[in-house]
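Enquirer: sequence? don't have it. structure:
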């Protein structure tokens, strides 16, 4: 005779009994549950940027009879996965997390799960997260009323119009925003110093996608005349004498006063 065993989810024992002429014989048959098979692998996120994570799930066709080890792998290094995860006995799935480091280029990555000789895969797209890479101003030192040119640069060209918010200390004025055009990675804007009586260091900050970069600008008041000396200081008769004009601070770009003696009693001062 042929004995047919139905589907069982746990290991069991079945007793077979044969009877003839009032006598009987019994036989105990050990029935093992079929091994659970890996049927699915899925992740919550279909795309991830830099320094992000997603929950993923490996699934079986039925509860595992014994703990089942699932081996995991990722095809791209920016996406890391655990080496293995274990589906507990009597469970039909396990959840784990995948994580990204810095993503420098858009790429498709494949996650692979292997258990019991079966392999399942799922894909996650890795996308670059555009951030501010630098903020610079040239020149980095200006005097009252002067304007410097500042440049804000992104880590990659913008895919559309990107508006970078700008802010600064009250001693210098900047526009509220800098707009980076699609396909471009940077934009320039002007920063103008206000009226000053002392030298100050001020900060300008650019903010984009929740991330900020700052740069420091030195503001100086305009130089003031502090003294004029001529040598000799006294003499007779018409003649000329060299004179020295001094400022209270070093002259910035734009020059310093010059003295043109016309007579011993009168001098004219003309800025360079």
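Expert: Received it, and whenever you're ready, just let me know what you need. Here the structure is a predicted model, which is why all the values come from computation and not from measurement.

Enquirer: Surely residue 127 is in contact with residue 103?
Expert: Yes. Residue 127 lies in contact with residue 103 (C-beta atoms under 8 Å); the separation is 6.5 Å. Placement of C-beta: from N, CA and C, glycine included.

Enquirer: OK, contacts around the residue nearest the centre of the chain?
Expert: In the chain, the residue lying closest to the centroid (C-alpha atoms, centre = their mean) is residue 131, at 5.3 Å. Applying C-beta atoms under 8 Å, 6 or more residues apart in numbering to residue 131 gives the contacts 154, 155, 208, 209, 211.

Enquirer: try it again with 10 Å
Expert: 50, 154, 155, 156, 208, 209, 210, 211, 212, 213 (C-beta atoms under 10 Å, 6 or more residues apart in numbering).

Enquirer: Closest one to residue 13 out of those residues, please.
Expert: Using C-beta to C-beta, residue 50 comes nearest to residue 13 of the contacts of residue 131, at 56.2 Å.

Enquirer: quick one: that closest one and residue 233, what's the gap?
Expert: 71 Å (C-beta to C-beta, to the nearest Å).

Enquirer: more crowded one of these two?
Expert: residue 50 (16 against 7; other C-beta atoms under 10 Å).

Enquirer: tell me which element that one falls in.
Expert: Counting by DSSP states H and E, residue 50 is held by no secondary-structure element, helix or strand.

Enquirer: doesn't residue 105 make contact with it?
Expert: No. Residue 50 is beyond contact range of residue 105, at 11.2 Å (criterion: C-beta atoms under 10 Å).

Enquirer: quick one: common contacting residues for these two?
Expert: Between them, residue 50 and residue 105 share the contacting residues 78, 126, 127, 128, judged by C-beta under 10 Å, 6+ apart.

Enquirer: Out of those, grab the one that's most surrounded.
Expert: For these, neighbours tallied by other C-beta under 10 Å; top is residue 126, 21 neighbours.

Enquirer: OK, contacts around it?
Expert: 47-50, 52, 76, 78-79, 100-101, 103-109.

Enquirer: rerun that using 8 Å as the cut-off
Expert: Residue 126 neighbours (C-beta under 8 Å, 6+ apart): 47, 48, 49, 76, 78, 79, 100, 103, 106, 107, 108, 109.

Enquirer: where in the stretch 1-150 of the chain is pLDDT low?
Expert: 7-11, 32-33 (pLDDT under 70).

Enquirer: quick one, strands of it?
Expert: Secondary structure of the stretch 1-150 of the chain (DSSP state E, counting those that start in this stretch): strands located at 12-20, 23-31, 38-43, 47-48, 53-60, 68-74, 79-80, 84-87, 93-100, 107-115, 118-126, 132-138, 141-143, 147-154.

Enquirer: just so I know, which of those strands lies nearest residue 241?
Expert: Going by C-beta to C-beta, the one of those nearest residue 241 is strand 141-143, 31.5 Å.

Enquirer: List the contacts of that closest one.
Expert: By C-beta under 8 Å, 6+ apart, strand 141-143 touches 148, 191, 193, 196, 217, 218, 219, 220, 221, 222, 252.

Enquirer: Show me what it pairs with in its sheet, parallel or antiparallel.
Expert: strand 211-220 (parallel) (DSSP bridges).

Enquirer: which residues touch the strand it pairs with?
Expert: 131-137, 140-144, 148, 150, 152, 171-172, 191, 193-194, 196, 199-206, 249, 252.

Enquirer: ok, the closest residue to residue 194 other than its chain neighbours to residue 212 distance?
Expert: Leaving out its chain neighbours, the residue that sits closest to residue 194 by C-beta to C-beta, 6 or more residues apart in numbering is residue 171, at 5.4 Å. Distance of residue 171 to residue 212, computed by C-beta to C-beta: 20 Å.

Enquirer: Then residue 182?
Expert: 23 Å.

Enquirer: Please say which of those two ends up with more neighbours.
Expert: residue 212 (15 against 10).

Enquirer: Report the buried members of the contacts of strand 211-220.
Expert: 132, 135, 137, 141-143, 148, 150, 152, 172, 191, 193, 196, 200, 202, 204-206 (16 or more other C-beta atoms under 10 Å).
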